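> Return atomic coordinates for the entry below.
(chains A, B, C and D)
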There are 2 protein chains.
Amino acid sequence: MDECKVYVIDDSTEVRQAIKLLMSSIGLEVIEFESADEFVNTDHDIGKLEGCILLDVRMPGMSGLALLEHLQQIKCSPPVIMISGHGDIPMAVKAVQAGAINFIEKPFNEQELLDNVHRAFKIDSIQRGKNMKIQLIKNRLNSLTSREKEVLYAVTEGQRNKAIAVILNISQSTVEAHRARVMEKMEASSLSQLMRMIIYIENSDIEPE
Amino acid sequence: MDECKVYVIDDSTEVRQAIKLLMSSIGLEVIEFESADEFVNTDHDIGKLEGCILLDVRMPGMSGLALLEHLQQIKCSPPVIMISGHGDIPMAVKAVQAGAINFIEKPFNEQELLDNVHRAFKIDSIQRGKNMKIQLIKNRLNSLTSREKEVLYAVTEGQRNKAIAVILNISQSTVEAHRARVMEKMEASSLSQLMRMIIYIENSDIEPE
DNA sequence: AGGAGTATAGGTATAAACCCCAATACAGAG
DNA sequence: CTCTGTATTGGGGTTTATACCTATACTCCT
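Sure, this is the predicted structure:
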């Protein structure tokens, strides 16, 4: 939680200043961006940011909603709290459907905003825990050779070594060798554990949230 | 899609009539309720309804939001489209966060409402497909004896038969017998398939959507 | 040319899982 | 009380999977 920062993306200098003041009152660091484009083009790995994003909807250049959708596509971004001065219901609905954790109207209640930031931090913490787990497994998967991946895939499909040998047109001994290396590289001590990893990755790939 | 109906829950007779007219113009059947309480108390299995729910927010008795949350808790309800004449952004956000697929303001655009209903039908169709799959697996799980469930649980944890025998303080032969019956009852021809079923159920239990 | 990494294959031995069978014990339902 | 379902145990044999070893061949990089 110490590393958490509040990324404020708003074209209004006053709003950014007000938020900065509010956040610093409880010891939170604020990083400002005056447009969505600036945030995107800044040299930082979005996946490694810790904290949350306060994002204005209406801005010159890329809109807040567009940035929100962009962040959801690349995944593993910090949680986003939308802020708007002239928002309407369809806009708020769209934002929440796109993954924003809340939609707050300006002028905002200070305590409400702080509460939302804290909630966002919690969500971020949980999300980063999951992302670390996913990354760990993906790193292991990447260490597999293409042949080993083929064997792994067949194994997760429930195929026996003998069947896999026929499918890949290699001998059963070779399949066994590959399979053993797969278990070793994936750090799985049982097929059940291996399946849990694979299915975890499968689900994280198709279900964004 | 043929069986799909539109469940309208709104205290205003005029609104219900207007929706009924609109829906019947494209051949959709409408079932009316003048309050959330009436919907809840009506003798129907909510999990078996097909179609979608048009739900007013402000009503005498149980509020639309309260009903929405109630529906999400028991799960497997048809998708809900919230409708409100005097809605605000916090209300809309809350509704979407609670699982409503949209939040439409009265007076509504007719085509927009129809589009939403069609989208809801698609979501419902997908959701019911998933629910059927879950129910199928749960039925198999329920056919297991308590001992078989213990063995199943240990197996999914990656335990070997020998280890399971020690844990349950029974002989390895017995474990093998239970395990064979588990595979048979679950209709799994491989451990991989069994794991997929179990993890599917695990995920559906903790992640509502 | 030599080394690392990968893919391939064979061998031997052990362990684990699967299959079919038979049998005892016990509790609850009819 | 008998019948049924469940839980338990065992044997014997087959099939799979693991573990550990060796070995060849090919490619890529140094």
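> A:Gln97 contacts B:Gln97, correct?
No - in this structure, A:Gln97 is not within contact of B:Gln97 by Cβ atoms under 8 Å, at 9.9 Å. To be clear about C-beta, it is placed using only N, CA and C from the backbone, and glycine gets the same treatment.
> Check which helices and strands the one helix or strand A:His70 maps to is in contact with.
Following DSSP states H and E, one finds A:His70 within helix A:64-74. Using 3 or more Cβ pairs under 8 Å, 6 or more residues apart in numbering or on different chains; DSSP states H and E, the elements in contact with helix A:64-74 are helix A:36-41, strand A:51-56, strand A:80-84, helix A:89-97.
> touching chain B at all, the top helix by length along chain A?
If each helix of chain A is counted by residues according to DSSP state H, the longest one is helix A:110-142. No - counting by Cβ under 8 Å from any Cβ of the partner chain, chain B is not contacted by helix A:110-142; separation bottoms out at 9.6 Å.
> Is any residue of that helix near DNA strand C?
No - counting by Cβ under 7 Å from any atom of the strand, no contacts exist between helix A:110-142 and DNA strand C, the nearest distance being 10.4 Å.
> Give me the contacts around the following helix or strand past that helix.
Beyond helix A:110-142 in the direction of the C-terminus, DSSP H and E gives the next helix or strand as helix A:146-156. Defining contact as Cβ atoms under 8 Å, 6 or more residues apart in numbering or on different chains, one finds that helix A:146-156 is touched by A:141, A:144, A:163-164, A:167-168, A:175, A:178-179, A:181-182, A:185-186, A:191, A:194-195, A:198, B:192.
> hmm, try it at 7 Å
Residues outside helix A:146-156 that contact it (Cβ atoms under 7 Å, 6 or more residues apart in numbering or on different chains): A:Leu144, A:Ile164, A:Ile167, A:Leu168, A:Val175, A:His178, A:Arg179, A:Arg181, A:Val182, A:Met195, A:Ile198, B:Ser192.
> Check stretch A:63-71 too.
Here stretch A:63-71 makes contact (Cβ under 7 Å, 6+ apart) with A:36, A:39-40, A:46, A:55-57, A:77, A:80, A:82, A:94-95, A:98-100.
> Out of these, name the two that are farthest from one another.
The largest separation in the contacts of stretch A:63-71, counting by Cβ to Cβ, is between A:Ile46 and A:Lys94 at 21.0 Å.
> List the contacts of the residue of chain A positioned farthest from its centre.
Distance from the centre of chain A peaks at A:Ser171, with 41.3 Å (Cα atoms, centre = their mean). With contact set as Cβ under 7 Å, 6+ apart, A:Ser171 has these partners: A:Ala165.
> Which phi and psi values does it adopt?
phi -80, psi 160 (degrees, to the nearest 10).
> From A:Lys185, how far off is it?
To A:Lys185, A:Ser171 is 21 Å away according to Cβ to Cβ, to the nearest Å.
> Tell me where the model's unsure across chain A.
Scanning chain A with the threshold set as pLDDT under 70 gives A:1-2, A:76, A:207-209.
> Tell me the residues of it that contact chain B?
Counting by Cβ under 7 Å from any Cβ of the partner chain, the residues of chain A close to chain B are A:87, A:89, A:92-93, A:96-97, A:102-103, A:105, A:156-158, A:189-193, A:195-196, A:199, A:203.
> residues from chain A in reach of DNA strand C?
Taking Cβ under 7 Å from any atom of the strand, the part of chain A that reaches DNA strand C is made up of A:Thr145, A:Ser146, A:Arg147, A:Glu148, A:Leu168, A:Ile170, A:Ser171, A:Ser173, A:Thr174, A:Glu176, A:Ala177, A:His178.
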